[in-house]
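Enquirer: quick one, fold the following:
(2 chains)
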Amino acid sequence: MFSRAYRAAITLPPLLWVAVFLLVPYALLLCYSFWSVSPSQTIVHAWTLDNYRELFRVNVYLQTLFRSMWIAARVMIFSLLLGYPLAYYLSFYAGARKDLFYQLVIIPLWVSYLVRAYAWKTILGSDGVLNTLLQYVHLTKHPLEFLLYSPFAVVLTLTHIYTPFAVLPIYAALEHIPRNLVEASHDLGASPLQTFWRVIFPLSIPGVLAGATFAFVLSLGDFLAPLLLGGPSGIMISNIVVSLFGAAYNWPLGAAISLCMLLLVVSLLFLSEKLEKKWSFR
Amino acid sequence: MATTTEPAAAHSAKSGVQPLLVIRNVAKSFGKNPVLRDISLQIAEGEFLTILGESGSGKTTLLRIIAGFESANSGEILMEGERLDLLPPYRRRVNTVFQHYALFPHLTVEDNVGYGLRVAKLPKDEIAARVSEALAMVKMTSFASSKPAKISGGQQQRIALARALINRPRLLLLDEPLSALDANLRRQMQVELKSLQREVGISFVFVTHDQEEAMVMSDRIALLRMGELEQVASPREIYSRPATAYTAQFIGHTNLLRGEVRAGMARCNSLSWKVGLPDGPALFSLRPENIRLATSAGGSDINVVRFHGKIQHQAFHGATELLQIVCDDGLTLSVRTATRENRQGDSQLEFSPADAVPVRKSAERG
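Expert: This is a model prediction of the structure:
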């Protein structure tokens, strides 16, 4: 249909874009992860597996990675627990207010991530809104210290930020369920609760998986929330990568950790897609 | 407005018991738009009743009110003397075969069929036995472990039927279940559905817009027009004695003769015949097959109306053909006769006055 030259002309720019901004950086990252840093703080361009050995030898890296996964898992669970009922209400009961509520879910996404993270800082801090209130109503005598600078604060903030990412795919999945299936279930004698567990929930699983993947993967790689709200106990793996590429000037180790995380995330995405396929029937 | 021949001759005669379902003065509107007005209808035990109507006549809404997916604004529905319309759909002993089958895509054929029994928490072995029985009934045993997406439309139709019937409902509702099938399969399914209904003895309420389908399958037809019942009667009766002009035209093909009755004689253009009607304007339905091509000019017979006309158009329909005849006075009539080649232009025609059925003018609505 189109001439070869034309096809080359339209495919070349995106190919170049992917090559320059994706493939080359990843290739460089891969190279760096097999290089090392000399005591005089220069990159030694000689192949070595030291960075990967270091990663598995030094406890703090693996510990932080597991803590990050545990934080991400909690964010995922809370996002689903909050997001599913919201999506369900939106899809089945919101009626004429559906569009309004949908916009209300979307709007927070327009607000800068940083602003929302800082907002939690002012809420959870020692002189923050929450502690002031608790003391004002005499529920506590002293500010609660665990509220801020803790994994709790990170999980809370990330849940707030990533719940819309869980709501949207679940909502889309629920909207795709033909309503006559719900009627058919009632018609066959199933109560509303039975209908939910036997028809609606199974058919919404692809959306749940997509939402869970979003919440988990986005939280796993987060570094601003732990930086602002996590304190020493709330450090996540990305904070380590950031410092290795920054102040610590150990790009090779940073690259090795990054690649391990990349591998983890890609396998998760792959798994989630497999499962989503298994649970979709159209 | 409804002329109700009630209950159906075949079914009322055998027992004097109360009807299975009584629909009493049901009305429904969506917003300001009335969809059903004052519907009263009875359904006998074991009856095959078809609700026939054009799209927008309210037939699906009526079905959904019986199933419980919509509630009526007024009126009531009783099943065996008890209020049905107050129960949620999952407590009604009514099952539905949906227009697009509504099979659960995530469940296998046998899990779809067994759904109603499983939510009723019946013992596992009883479920298994009844599922295989139901699958055998619709000849789908070999597809038990297929997913609905993997079977054809006709097969999905059978599964939808088995899934509904396995619950042993008192009443089965069918919402245009054959409309998605191609013509040959549809005819085959009409026959199968009818014989299945006789076999299980459950009352069927079948919704369709296809008058031919209604005629083939039903014990009685309830013709719905713009939210009101136009006529409820057996197919034979509704065809041979339509109550209104709309019924006559919707069911089969007809010639509507607009005329006047004076002193016991009906007159329509130059045609006239004896009737037992009061004086005034009148409408008559004369089926095309009741007009014959006369063999000879013949004498004057009081029992036949004879007239002369020209064949204007001849449409071949296989065994029969439809002729457009223009009478000498300009009246155009459709005539259905056995097929014959090379018709003459001029013809002598006749019909019996008894076949010119007086019909009411259908009420203006809308």
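
Enquirer: can you tell me which residue sits nearest the middle of the chain?
Expert: Reading this off chain A. A:Leu218 (1.9 Å; Cα atoms, centre = their mean).

Enquirer: correction: the question concerned chain B.
Expert: B:Ala214 (3.3 Å).

Enquirer: now B:Glu133: which helix or strand?
Expert: Assigned by DSSP states H and E, B:Glu133 belongs to helix B:124-137.

Enquirer: name the residues that touch that helix?
Expert: Residues outside helix B:124-137 that contact it (Cβ atoms under 8 Å, 6 or more residues apart in numbering or on different chains): B:109-110, B:113-114, B:117-118, B:122, B:141, B:143-144, B:162-163, B:165-166, B:196. All C-beta spots, glycine's among them, are computed from the backbone N, C-alpha and C.

Enquirer: just to revisit the earlier point, quick check: the residue nearest to the centre of chain B is in a helix.
Expert: Yes. Per DSSP: H, G, I helix; E, B strand; the rest coil, B:Ala214 lies within a helix segment.

Enquirer: just checking, it touches B:Leu52?
Expert: Yes. The criterion here is Cβ atoms under 8 Å, and B:Ala214 meets it with B:Leu52 at 4.5 Å.

Enquirer: what residues are shared contacts of these two?
Expert: Common neighbours of B:Ala214 and B:Leu52, using Cβ under 8 Å, 6+ apart, are B:208, B:221, B:251.

Enquirer: can you list the buried residues in the longest helix anywhere in chain A?
Expert: Determined from DSSP state H, the single longest helix within chain A is helix A:59-92. By neighbour count on 16 or more other Cβ atoms under 10 Å in any protein chain shown, the buried set for helix A:59-92 is A:61, A:64-65, A:67-69, A:71-76, A:78-80, A:83-84, A:86-88, A:90-92.

Enquirer: which helices and strands does the helix or strand just after that helix pack with?
Expert: Using DSSP H and E, the next helix or strand after helix A:59-92 towards the C-terminus is helix A:98-106. With contacts defined as 3 or more Cβ pairs under 8 Å, 6 or more residues apart in numbering or on different chains; DSSP states H and E, the packing partners of helix A:98-106 are helix A:59-92, helix A:151-175.

Enquirer: hmm, who's touching helix A:98-106?
Expert: Contacts of helix A:98-106 (Cβ under 8 Å, 6+ apart): A:86, A:89-91, A:94, A:164, A:167-168, A:171.

Enquirer: from these, which single one is nearest chain B?
Expert: Among those, A:Ser91 lies closest to chain B (Cβ to the nearest Cβ), at 17.5 Å.

Enquirer: which residues touch that closest one?
Expert: So A:Ser91 contacts A:98, A:171, A:174-175 (Cβ under 8 Å, 6+ apart).

Enquirer: can you tell me which of those residues are buried?
Expert: Among these, the ones that count as buried by 16+ other Cβ under 10 Å are A:98, A:171, A:174.

Enquirer: in TSV, list those residues along with pLDDT and distance to A:Val24.
Expert: Formatted as TSV, the buried ones among the contacts of A:Ser91 follow (pLDDT from 0 to 100; distance: Cβ to Cβ, whole Å):
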residue	pLDDT	distance to A:Val24
A:Lys98	90	45
A:Tyr171	96	38
A:Leu174	96	41
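
Enquirer: TSV for those, including distance to A:Ala210?
Expert: TSV is the format used below for the buried ones among the contacts of A:Ser91 (distance: Cβ to Cβ, whole Å):
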residue	distance to A:Ala210
A:Lys98	20
A:Tyr171	11
A:Leu174	12
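
Enquirer: follow-up on the earlier one: nearest to chain A, of the contacts of helix B:124-137?
Expert: Nearest member of the contacts of helix B:124-137 to chain A, counting by Cβ to the nearest Cβ, is B:Arg163, at 6.9 Å.

Enquirer: before we move on, back to that, show the subsequent helix or strand relative to the helix holding B:Glu133.
Expert: helix B:153-165.

Enquirer: what's downstream of that following helix, the next helix or strand?
Expert: Following helix B:153-165 in sequence order, the next helix or strand is strand B:171-175 (DSSP H and E).

Enquirer: that following strand packs against which elements?
Expert: helix B:59-67, strand B:94-97, strand B:203-208.

Enquirer: ok, longest helix in chain B?
Expert: helix B:183-200.

Enquirer: if I pick the nearest residue to A:Leu49 once chain neighbours are set aside, what's in contact with it?
Expert: In this structure, A:Leu49 finds its nearest non-sequential neighbour in A:Phe34, 7.2 Å apart by Cβ to Cβ, 6 or more residues apart in numbering or on different chains. Each residue near A:Phe34 by Cβ under 8 Å, 6+ apart is listed here: A:47-49, A:51, A:252.

Enquirer: how far away is A:Phe34 from chain B?
Expert: 47 Å (Cβ to the nearest Cβ, to the nearest Å).

Enquirer: ranges for the helices of the chain?
Expert: No chain specified, so I'll use chain A. Under DSSP H, chain A gives helices at A:4-18, A:24-33, A:50-57, A:59-92, A:98-106, A:113-124, A:129-136, A:151-175, A:179-187, A:192-195, A:201-220, A:224-225, A:237-245, A:251-278.

Enquirer: if you could check chain B rather than the one you did, that'd help
Expert: Secondary structure of chain B by DSSP H: the helices cover B:9-12, B:59-67, B:109-113, B:115-119, B:124-137, B:153-165, B:183-200, B:211-217, B:235-240, B:245-250.

Enquirer: could I get those as JSON lines with mean pLDDT?
Expert: Below are the helices of chain B laid out as JSON lines (pLDDT from 0 to 100):
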{"stretch": "helix B:9-12", "mean pLDDT": "42"}
{"stretch": "helix B:59-67", "mean pLDDT": "96"}
{"stretch": "helix B:109-113", "mean pLDDT": "96"}
{"stretch": "helix B:115-119", "mean pLDDT": "96"}
{"stretch": "helix B:124-137", "mean pLDDT": "95"}
{"stretch": "helix B:153-165", "mean pLDDT": "93"}
{"stretch": "helix B:183-200", "mean pLDDT": "90"}
{"stretch": "helix B:211-217", "mean pLDDT": "93"}
{"stretch": "helix B:235-240", "mean pLDDT": "95"}
{"stretch": "helix B:245-250", "mean pLDDT": "94"}
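
Enquirer: can I get the ones you listed in TSV including distance to A:Thr42?
Expert: Shown next, in TSV, are the helices of chain B (distance: least, Cβ to Cβ, whole Å):
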stretch	distance to A:Thr42
helix B:9-12	99
helix B:59-67	78
helix B:109-113	66
helix B:115-119	70
helix B:124-137	72
helix B:153-165	70
helix B:183-200	79
helix B:211-217	87
helix B:235-240	97
helix B:245-250	93
